[in-house]
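1. Give me a 3D structure for the following:
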Amino acid sequence: MTEIYLEISKLSDKFRTMAFGLTSDKNEVNESVQELMLYFLQANPDVIKRIYDKDGILGITRYGAVALRRALTSPRSNYYYKYKKYYTHIDSLTSAVTYDEMDSGETIPSKHLYNLPNEITNCYQWTNLEKIDSALDGFTWYDKKVFELYYYEGNTLDSLAAKTGISRNSLYTTIDKVRTELKYKLSE
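-> Numbers count the residues shown, from 1 in each chain. Just a heads-up that it's a prediction; the model follows:
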């Protein structure tokens, strides 16, 4: 397997050339090729060996080309989640740049990572949670507690059934009843 990995490492320039066919950003090309090399290392060794035994280095090149294209074009790829999704969002935040001065005297853009928490002024979710909490006060203690354990503490029905000793079906019925009544109360 080591020989195959050495052959794959020699293909990095060829993969860079292929990546330039999909994007013109040099950083994106380098990051995607690095991610491809990591993909080869984490892939099932039997699959890589089978491809290499059947088609040689040409088969590995084709396999890598498909993986590279998916990485650069698919919003479901690991590369997209690791790099493109977050950096694209940060770049869009810094497009309208004004500058602030930090305590240290350093000048930074106002739309910078240091300032992102200050940008959030109103949290819509907290107001909804407060409405739900006040509506839950009208339920029995059992209904309220089961609903809180399920939604607020993130338990699954199975884990909640194991913790409480209450059947899964009974818990589901209670949660569904509370959810339906909450929808009705909150829509008024």
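
2. Which stretches in this protein count as strands?
-> 99-101, 107-109 (DSSP state E).

3. how close does the spatially most central residue of the chain sit to Ser167?
-> With distances taken as CA atoms, centre = their mean, the chain has Tyr81 as the residue nearest its mean C-alpha position (5.7 Å). With distances taken as CB to CB, to the nearest Å, Tyr81 is found 38 Å from Ser167. Quick note: C-beta positions are derived from backbone N, CA and C, even for glycine.

4. Then Ser77?
-> Ser77 is 42 Å from Ser167, by CB to CB.

5. between the two, who's got more neighbours?
-> Ser77 (20 against 11; other CB atoms under 10 Å).

6. So that one sits against Arg69, correct?
-> No: using CB atoms under 8 Å, Ser77 is not in contact with Arg69; the gap is 9.7 Å.

7. Tell me how the chain divides into domains.
-> The chain breaks down by automatic domain parsing into domains covering 2-88, 124-179.

8. need those in a markdown table with mean pLDDT and distance to Lys185, can you?
-> Converted to a markdown table, the domains of the chain look like this (pLDDT from 0 to 100; distance: least, CB to CB, whole Å):
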| stretch | mean pLDDT | distance to Lys185 |
| --- | --- | --- |
| domain 2-88 | 84 | 37 |
| domain 124-179 | 85 | 5 |
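
9. With distance to Glu188 added, can I get those domains in JSON lines?
-> Below are these laid out as JSON lines (distance: least, CB to CB, whole Å):
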{"stretch": "domain 2-88", "distance to Glu188": "39"}
{"stretch": "domain 124-179", "distance to Glu188": "10"}
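
10. Perfect, I'm done here.
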